[in-house]
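1. Generate a structure from the sequence data that follows.
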Amino acid sequence: MALATPADMTAYAGRKRELLGALTGTVLEIGAGAGANFVHFDRSIRWIGLEPDPRWHDQLDRAAAAHGNGSAVIGGRAEQIPLADNTVDAVVSTIVLCSVADQERVLAEVRRVLRPGGTFVFFEHVAAPGTWTRRLQRVRALCYSRRFDAGCDPSRETWRPIEAAGFRNVDLAWYARRIRFGVYNRYIAGQAIC
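-> Numbers count the residues shown, from 1 in each chain. As a prediction, this is how the structure comes out:
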């Protein structure tokens, strides 16, 4: 995919509100963290949070309860989602695919648990175009973030595995911070239909 001119982060935040707010039915959030996306979800969804780090589970339980959902936090990794085939209407990933061990396996699992016609919604920081920033991202991944930032690799070209995962339709947009250099400068946001 050719790199489009990136929009600013205000547009990224707007796209996040739009896509997450439109989700209905059963929604699986992989790498749910502290539950930051609850502010965007409609209260009518049935939310399930997959979080590999048990230190976040209590906080996620409280956030889910405050949002009107019962305890639906499950432990596990996105490479092996502990749900049956075709069980969710949407899967959400927010700054997760940078840190998983196998992006292709995660995307295969996302497709497996989605019902036909289901939606994968993603918000990810990605590799900068072939620049000094890309080199800085690689160095940071090798020296710091892979070890100390939950396995994050900011130099991943995450859009490529999403586009190659076999979704019927992938709609993504590019975003960038206004700063010229920065490890977390480029982002993608969008949705893919199963």
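2. so what's the nearest residue to Leu20 once chain neighbours are set aside up against?
-> The spatial neighbour of Leu20 that comes closest, neighbours along the chain excluded (C-beta to C-beta, 6 or more residues apart in numbering), is His40 at 3.7 Å. The C-beta positions use only the backbone N, C-alpha and C, and glycine is treated the same way. Residues near His40 by C-beta atoms under 8 Å, 6 or more residues apart in numbering: Lys16, Arg17, Leu20, Gly21.
3. show me the contacts for the last one.
-> Spelled out, it's Gly21. With C-beta under 8 Å, 6+ apart, Gly21 has these contacts: His40, Phe41, Asp42.
4. same thing but 6 Å
-> Taking C-beta atoms under 6 Å, 6 or more residues apart in numbering, we find Gly21 in contact with His40.
5. mind listing what's buried in stretch 8-18?
-> Judged by neighbour count (16 or more other C-beta atoms under 10 Å), stretch 8-18 contains these buried residues: Tyr12, Arg15, Lys16.
6. Show me the shaky parts of the chain.
-> 1-6, 128, 130-151, 178-184 (pLDDT under 70).
7. report the longest helix in it, please.
-> helix 9-21 (DSSP state H).
8. moving C-terminal of that helix, what's the next helix or strand?
-> strand 26-30 (DSSP states H and E).
9. Give me the sheet partners of that next one and which way each runs.
-> strand 46-50 (parallel), strand 88-94 (parallel) (DSSP bridges).
10. Restrict the longest strand along the chain to CA atoms and write it as PDB.
-> Looking across the chain with DSSP state E, the single longest strand is strand 114-126. In PDB, the C-alpha atoms belonging to strand 114-126 read as follows (Å, rounded to 0.1, in the frame of the first residue of the first chain):
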ATOM      1  CA  LEU A 114     -15.400 -13.200  14.300                       C
ATOM      2  CA  ARG A 115     -18.800 -14.100  13.000                       C
ATOM      3  CA  PRO A 116     -19.200 -13.800   9.200                       C
ATOM      4  CA  GLY A 117     -19.600 -10.100   8.500                       C
ATOM      5  CA  GLY A 118     -17.900  -9.200  11.800                       C
ATOM      6  CA  THR A 119     -15.600  -6.200  12.100                       C
ATOM      7  CA  PHE A 120     -12.000  -6.000  13.200                       C
ATOM      8  CA  VAL A 121     -11.300  -2.400  14.400                       C
ATOM      9  CA  PHE A 122      -7.700  -1.400  14.900                       C
ATOM     10  CA  PHE A 123      -5.600   1.600  16.100                       C
ATOM     11  CA  GLU A 124      -1.900   0.900  16.000                       C
ATOM     12  CA  HIS A 125       1.400   2.800  15.900                       C
ATOM     13  CA  VAL A 126       3.500   1.600  13.000                       C
END
